[in-house]
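[1] Generate a structure from the sequence data that follows.
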Amino acid sequence: MPPVKDPFDFIRRETRIKPVPHAEEIRLHVADEAMALWQKTEDDLGALGLAPPFWAFAWAGGQGLARYLLDTPDLVRGKRVVDFACGSGLVGIAAMMAGAASCHAVDIDPFAAAATRMNAALNNVALSIETGDMTQGAVPQAELVICGDVFYDKHMADEVLAFLDRLLVDGIDVLVGDPGRSYLPRSRLTELAVYSVPVVGALEDSEIKRTFVYRLAPKTA
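    Model (predicted):
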């Protein structure tokens with residue numbers, strides 16, 4: 001197996017810089033084709049079983065959250081924010097542009113961490129970035145946690161919801177951006193905003209996704 005190459009170099013070569021359709025103030029390094037990029041990631045890096053390149057696209061939930069934060073800056077101004085499962089870093093970038101005191105972006109994929117670092121620099125904001133599974137760690141020092149498109153897989157949704165419940169117990173506000181993924185905990189969500197968000201049709205079931213921003217409520221006994 002050849003040595004793993006630099007993810008920063010790979011991202012520069014295999015993506016283009018484009019504005020986010022529903023948050024045009026923000027630009028990202030994005031790919032045109034999901035499966036082609038995934039295959040090229042494995043071919044170029046000589047590593048099978050890599051995570052899908054979630055970091056290379058502006059997903060519907062993230063776009064909705066980004067738009068909401070940019071339009072509602074009082075929600076984040078002066079606060080410590082965590083961008084959970086950050087992907088491209090889109091939502092964390094929006095939080096910093098809206099006036100957050102800090103944003104800590106976390107993802108299990110090292111390519112997401114690299115993409116987030118590059119996208120933050122592209123948009124002239126500073127994020128602290130961590131690669132790892134935050135659901136198994138301590139509750140972060142934050143006032144607000146933002147998470148987009150994290151309820152698409154049952155196992156992940158169960159782990160994420162258990163983690164978010166620990167945050168709520170500690171008084172941390174949790175916002176969710178989601179276009180109606182299968183395992184969304186609908187009974188515990190308060191709708192804050194709804195948008196019609198342009199997306200990559202090959203990744204979704206349509207070119208436009210009706211996307212919601214929610215606040216997660218604590219679970220009741």
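[2] any idea of the pLDDT on the residue most central in space within the chain?
    In the chain, the residue lying closest to the centroid (CA atoms, centre = their mean) is Cys86, at 3.4 Å. Note for Cys86: predicted pLDDT of 97.
[3] Looks like it contacts Arg117 (just checking).
    No: at 10.4 Å, Cys86 and Arg117 do not qualify as touching, with contact defined as CB atoms under 8 Å. Every residue, glycine included, has its C-beta placed from N, CA and C.
[4] Now the common contact residues for those two.
    In terms of CB atoms under 8 Å, 6 or more residues apart in numbering, Cys86 and Arg117 are both contacted by the residues Ile129.
[5] dump the residue contacts of the closest residue to the residue nearest to the centre of the chain other than its chain neighbours.
    If the residues on either side of it in the chain are set aside, Cys86 comes closest to Ala105, at 3.9 Å by CB to CB, 6 or more residues apart in numbering. For Ala105, the residues meeting the contact criterion (CB under 8 Å, 6+ apart) are Val82, Asp83, Cys86, Gly89, Gly92, Ala113, Thr116, Ala120, Leu127, Ser128, Ile129, Glu130.
[6] now with 7 Å?
    Residues counted as contacts of Ala105 (CB atoms under 7 Å, 6 or more residues apart in numbering) are Asp83, Cys86, Gly89, Gly92, Thr116, Leu127, Ile129.
[7] Partner strands of the helix or strand containing it, with direction?
    Element membership for Ala105, per DSSP states H and E: strand 102-107. Note on strand 102-107: by DSSP bridges, its sheet partners are strand 80-84 (parallel), strand 128-131 (parallel).
[8] quick one: contacts of the one helix or strand Ile26 maps to?
    The secondary structure element spanning Ile26 is strand 23-30 (assigned by DSSP H and E). For strand 23-30, the surrounding residues in contact (CB under 7 Å, 6+ apart) are 11, 15-20, 56-58, 63, 66-67, 70, 88, 90, 93-94, 97, 115, 118-119, 122-123.
[9] of the residues you listed, buried ones?
    Among the contacts of strand 23-30, those classed as buried by 16 or more other CB atoms under 10 Å are 11, 15, 20, 56-58, 63, 66-67, 70, 88, 90, 93-94, 97, 115, 118-119, 123.
[10] and the next element down the chain from the lengthiest helix in the chain?
    Identified as the longest helix of the chain according to DSSP state H is helix 154-169. Elements were assigned by DSSP H and E; along the chain past helix 154-169, the next helix or strand is strand 173-178.
[11] Is Ser196 bridged to anything, and to what?
    Taking DSSP bridges, one obtains Arg210 as the residues bridged to Ser196.
[12] Could you double-check that it sits in contact with Glu207?
    No: applying CB atoms under 7 Å, one finds Ser196 not in contact with Glu207, separated by 10.3 Å.
[13] what's the next secondary structure element after the least confident helix or strand in the chain by mean pLDDT?
    When the helices and strands of the chain are scored by mean pLDDT, DSSP states H and E, helix 34-45 comes last with a mean of 52. Where DSSP H and E defines the elements, the next helix or strand beyond helix 34-45 is helix 60-71.
[14] Next, the angle strand 80-84 makes with that next one.
    Per axes from the mean of the first three to the mean of the last three CA atoms, to 10 degrees, the angle that helix 60-71 makes with strand 80-84 is 160 degrees.
[15] Now do the contacts for the closest residue to Ser102 other than its chain neighbours.
    With CB to CB, 6+ apart as the criterion, Ser102 has its nearest non-adjacent residue at 5.1 Å, and that residue is Arg80. By CB under 7 Å, 6+ apart, the contact list for Arg80 reads Ala101, Ser102, Gln141, Ala142, Glu143.
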